[in-house]
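K.L.:
Have a look at this prediction, sequence included:
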Amino acid sequence: MSHSSRSNNFEKAEQGRKKVVAKISALGAQDIESHREGHRVYIYAKNANRTKQFRILSRTCIARTGRVPSWHASITDAKACDENIDESNFWVFVAIETSKPDADFYVVPEWWIKNNIYTVHQAYLARCGGRRKINPNSPHHAVKWERIKEWFNRWDLLRIDEN
């Protein structure tokens, strides 16, 4: 990957993180901080009363007008998970369309997205004889809009205004 591509990806990711921080701040989140952990930057925040903490990993897609967005993830995130109704870790998929002033947000519980990546990747491998077709060593995994559209604006899951 060229320096220019890395720089553009970093800028895109930072743009998405800033939009997530602005949104959760507007919803009343407190003590918002970002921390780099390996190659990822997580957003940590507390609910309005500072009694519960949550963690967000944002994934950003710059979508062209009329195109269905998709985001990059990794098969290293794949994990068979059971539902966790008390989840405090989330992935927020941010779709920034250049022709719109506001971004679209898909707020997904971490247990759900890890399980979904696992399930979708296992089904893909089953269709392909057990290995990736083009590059067997690639960890890349695309998360398509159709898979996460049900999580549109599900900020309620963070329970920011809860005691």
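P.N.:
Noted; the coordinates are in hand. These figures come from a predicted structure and were not determined experimentally.
K.L.:
contacts for the longest helix seen in the chain?
P.N.:
In the chain, ranked by residue count with DSSP state H as the criterion, the top helix is helix 3-26. Among residues not part of helix 3-26, those counted as contacts by Cβ atoms under 8 Å, 6 or more residues apart in numbering are 1, 32, 34, 41, 43, 45, 56, 58-60, 62, 92, 94, 96, 103, 105, 155, 158, 160. From N, CA and C alone the C-beta is placed, and that goes for glycine too.
K.L.:
distance between that helix and the chain's centre?
P.N.:
Helix 3-26 has its average C-alpha position 12 Å from the chain's average C-alpha position, going by Cα atoms, centre = their mean, to the nearest Å.
K.L.:
ok, back up a step: show the buried residues in the contacts of helix 3-26.
P.N.:
Buried members of these, counted by 16 or more other Cβ atoms under 10 Å: 34, 41, 43, 45, 56, 58-60, 62, 92, 94, 96, 103, 105, 155, 158, 160.
K.L.:
okay, and for this structure, where does confidence drop off?
P.N.:
For the chain, residues meeting the criterion pLDDT under 70 lie at 1-7, 65, 130-132, 163.
K.L.:
on that earlier part again, direction included, what does the helix or strand just after the longest helix of the chain pair against?
P.N.:
Following the chain from helix 3-26 toward its C-terminal end, the next helix or strand by DSSP states H and E is strand 30-37. Strands that pair with strand 30-37, judged by DSSP bridges, come out as strand 40-46 (antiparallel).
K.L.:
Mind listing residues that contact the strand it pairs with?
P.N.:
Contacting residues not belonging to strand 40-46 are listed as 13, 17, 20-21, 24, 29-35, 52-58 [Cβ under 8 Å, 6+ apart].
K.L.:
can you list contacts of the helix or strand containing Asn115?
P.N.:
Following DSSP H and E, the helix or strand that holds Asn115 is helix 110-127. Applying Cβ under 8 Å, 6+ apart, the external contacts of helix 110-127 come out as 57, 73, 75, 77-84, 87, 89-91, 131-132, 141, 143, 147-148.
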